[in-house]
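Peer 1: Quick check, what structure comes out for this input:
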Amino acid sequence: MRLLWLGLLTLLTAAAPVLPGLAQEGGRPRSALPTLPDAGDDIAIVANSRGVVFSVVDERGRIVSNLREQDFEIYEDGRRQTVDLFRASNDLPLMLAALIDISDSQASLLPIEKRAVDVFFDAFFRPGKDYGALLTFGGEVGLVNGLTSHLKSLKTALGRIEREQRFRDEDNATPPLGTALYDALDITARETLDGRTARRVINSGGTRRAIRRAICVLTDGRDTASQLAAERVAASLRRRGIIVYALGMGDRFRFGDVDREALEQLCAATGGKAFFPADEADLEQSFKRIVDDLSGQYIALYRPTEPSGAAGRRPVEVRPRDRRLRVFSQTEYTSD
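Peer 2: Predicted structure coming up:
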């Protein structure tokens, strides 16, 4: 059976981006981030099978990347499942959306953030294999560049981002648009990472593919305008198996401007992490740690033991045998 599942692995030719040793911005040399490893394998999920991508952290919140199949059990609808394939998932395609806060409170940081995101895209992106999207938010959410496997398109779109422009009346007053962080995360998850283009990528060629999904948000974490509650958005992200990483920065890196607790709770609920860089160099280092985290995930394939013809929402749970470990994964799916 294991040989049968391994036979489903389709070899893709995907060249990793070639990075210069140093990137030059504003006359100051900057070290480029290391790229994710590229084994070049894609996993097809055949009919009557399911794939679960998950990450594991220890008691101190550190990614655990050396675990084996016997270290876990998979449950669906409370019934233990037989795992047909288990392995590290760092070679799976990655679908990542960068979400940038362009509200007034972030105006002075925008050039720094754009430079860091540019290097970050270089670090994780494998053209023809990975997919990236670029969105902005303040009072409203803007799609700067939809999901694409073309790195150049993302980098060009990144250069066009400007701070949010607000109408001012004759008294130099602005309308209270606020910042809708949680609404922006929800829209990014539903419309970008789980939208029509994403579904077409996942189901390309008539075969469902295993894929990793994540959001990287740059913000001070202060939400003043969302219609959705933080807990509801976090639950929706968990159901979809979308990890959130946050770069928490206030105006001119002032920590007092950042809602650390809100960002930490949001990221912890999805299996991601929140970082609070003190300067531009620290921001680049934080992005490097995100790259490291994304390379430490796993995938398990199984065939559900559900009754024939059954359909509806199915809860899924990955249980580590070591109860000191914590697993983050998609928590349910809708069967056909």
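Peer 1: What is the neighbour count of residue 296?
Peer 2: Per other C-beta atoms under 10 Å, the neighbour tally for residue 296 reads 18. The way it works is simple: take the backbone N, C-alpha and C, and place the C-beta from them, glycine included.
Peer 1: in what helix or strand does the nearest residue to residue 273 once chain neighbours are set aside lie?
Peer 2: The shortest distance from residue 273 to any residue other than its chain neighbours is 5.3 Å, reached at residue 267 (C-beta to C-beta, 6 or more residues apart in numbering). Assigned by DSSP states H and E, residue 267 belongs to helix 260-270.
Peer 1: Show me what that helix is packed against.
Peer 2: Packing partners of helix 260-270 (3 or more C-beta pairs under 8 Å, 6 or more residues apart in numbering; DSSP states H and E): helix 230-240, strand 243-248, strand 274-275.
Peer 1: returning to that earlier point: name all residues that make contact with the residue nearest to residue 273.
Peer 2: By C-beta atoms under 8 Å, 6 or more residues apart in numbering, the residues touching residue 267 are 244-246, 273-274.
Peer 1: how close does it sit to residue 186?
Peer 2: In this view, residue 267 and residue 186 are 15 Å apart by C-beta to C-beta, to the nearest Å.
Peer 1: repeat for residue 245
Peer 2: 17 Å.
Peer 1: what about the chain, any weak spots by pLDDT?
Peer 2: For the chain, applying pLDDT under 70 flags the ranges 1-47, 164-177, 205-206, 252-256, 306-311, 336.
Peer 1: Now the strand or helix carrying residue 110: buried residues?
Peer 2: Assigned by DSSP H and E, residue 110 belongs to helix 110-124. Buried positions in helix 110-124, judged by neighbour count with 16 or more other C-beta atoms under 10 Å: 110, 112-124.
Peer 1: Between all of the residues you listed, which two are separated the most?
Peer 2: 110 and 124 (21.3 Å; C-beta to C-beta).
Peer 1: Same list (the helices and strands packed on helix 260-270) but as a markdown table, adding distance to residue 331 and mean neighbour count.
Peer 2: Conversion of the helices and strands packed on helix 260-270 to a markdown table gives the following (distance: least, C-beta to C-beta, whole Å; neighbours: other C-beta atoms under 10 Å):
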| stretch | distance to residue 331 | mean neighbour count |
| --- | --- | --- |
| helix 230-240 | 5 | 18 |
| strand 243-248 | 13 | 27 |
| strand 274-275 | 21 | 21 |
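Peer 1: The helix holding residue 267 to strand 243-248, inter-axis angle?
Peer 2: 160 degrees (axes from the mean of the first three to the mean of the last three C-alpha atoms, to 10 degrees).
Peer 1: residue contacts, residue 151?
Peer 2: 17, 121-122, 125, 127, 132.
Peer 1: of those residues, closest to residue 231?
Peer 2: Nearest to residue 231 among the contacts of residue 151, with distances taken as C-beta to C-beta, is residue 132, at 28.0 Å.
Peer 1: does that closest one count as helix, strand or coil?
Peer 2: Assigned with DSSP: H, G, I helix; E, B strand; the rest coil, residue 132 falls in the strand class.
Peer 1: Enumerate every residue touching it.
Peer 2: So residue 132 contacts 95-98, 121, 125, 145, 147-148, 151, 154 (C-beta under 8 Å, 6+ apart).
Peer 1: Report the beta-bridge partners for it.
Peer 2: Counting by DSSP bridges, residue 132 is bridged to residue 96, residue 148.
Peer 1: hang on, the earlier thing: so which of the contacts of residue 151 would you say is closest to residue 207?
Peer 2: Among the contacts of residue 151, and counting by C-beta to C-beta, the member closest to residue 207 is residue 127, at 21.5 Å.
Peer 1: residues contacting the closest residue to residue 257 other than its chain neighbours?
Peer 2: In this structure, residue 257 finds its nearest non-sequential neighbour in residue 250, 2.5 Å apart by C-beta to C-beta, 6+ apart. Contact analysis of residue 250 by C-beta under 8 Å, 6+ apart lists 105, 220, 256-258.
Peer 1: ranges for the helices of the chain?
Peer 2: Assigned by DSSP state H, the chain shows helices spanning 2-6, 110-124, 151-159, 181-187, 196-202, 230-240, 260-270, 280-294.
Peer 1: so which of those helices gets nearest residue 87?
Peer 2: Nearest to residue 87, of those and by C-beta to C-beta, is helix 2-6 at 9.6 Å.
Peer 1: Just give me the closest of the contacts of residue 151 to residue 233.
Peer 2: Closest to residue 233, out of all of the contacts of residue 151 and judged by C-beta to C-beta, is residue 132, at 21.4 Å.
Peer 1: And stretch 147-154, what's buried?
Peer 2: Buried, per 16+ other C-beta under 10 Å, within stretch 147-154: 147-149, 151, 154.
Peer 1: cool, stretch 77-97 as well?
Peer 2: So for stretch 77-97, counting by 16+ other C-beta under 10 Å, buried means 77, 81, 83-97.
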